[in-house]
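Q: heads up, no residue letters with this:
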């Protein structure tokens, strides 16, 4: 069974840094694209950053120049390096992955699936 396991959320002062990690566990999958979303209290979930299989990246305007998304294909892990954090960055951060998974082995059938992690809390104090 495929799972996304996030880590790295914490309480940090404004101007500080954090690195979030999201590891894809399980078997019979390949990673197409991954991303980080966040949801602050009373607000809709929003895309923070994404990275494709070709390592093309995309960022929300509010985090450009401060956050960097990267991936380690050997570890099936995506990272979000967050620098110069601001109180408005406070939110639950969720990892998201577009995977191609094996749903049947004989005959071999693959399917595209989308997965979410459980979320990790990032709190930035002023």
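A: Thanks, I have the structure now. Here the structure is a predicted model, which is why all the values come from computation and not from measurement. Residues are numbered from 1 along each chain as shown.

Q: Work out for me the element residue 38 sits within.
A: strand 29-39 (DSSP states H and E).

Q: which secondary structure element contains the nearest residue to residue 11 once chain neighbours are set aside?
A: If the residues on either side of it in the chain are set aside, residue 11 comes closest to residue 123, at 4.6 Å by Cβ to Cβ, 6 or more residues apart in numbering. Glycine gets a C-beta too; all of them are placed from N, C-alpha and C. Assigned by DSSP H and E, residue 123 belongs to strand 120-125.

Q: Please point out which parts of that strand sit buried.
A: Buried residues in strand 120-125, counted by 16 or more other Cβ atoms under 10 Å: 120, 122, 124.

Q: Sheet-wise, list the partners of that strand with their directions.
A: The pairing partners recorded for strand 120-125 under DSSP bridges are strand 11-13 (parallel), strand 91-105 (antiparallel).

Q: would you list those strands in JSON lines and tack on distance to residue 44 and mean pLDDT?
A: Below are the strands paired with strand 120-125 laid out as JSON lines (distance: least, Cβ to Cβ, whole Å; pLDDT from 0 to 100):
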{"stretch": "strand 11-13", "distance to residue 44": "24", "mean pLDDT": "98"}
{"stretch": "strand 91-105", "distance to residue 44": "11", "mean pLDDT": "94"}
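
Q: Of those strands, which is nearest residue 76?
A: strand 91-105 (9.2 Å; Cβ to Cβ).

Q: what's downstream of the closest one, the next helix or strand?
A: Using DSSP H and E, the first helix or strand after strand 91-105 is strand 108-116.

Q: and that following strand, what does it pack onto?
A: Judged by 3 or more Cβ pairs under 8 Å, 6 or more residues apart in numbering; DSSP states H and E, strand 108-116 is in contact with strand 3-7, strand 91-105.

Q: That strand to strand 3-7, inter-axis angle?
A: 30 degrees (axes from the mean of the first three to the mean of the last three Cα atoms, to 10 degrees).

Q: For strand 108-116, what is the distance to the chain centroid?
A: 18 Å (Cα atoms, centre = their mean, to the nearest Å).
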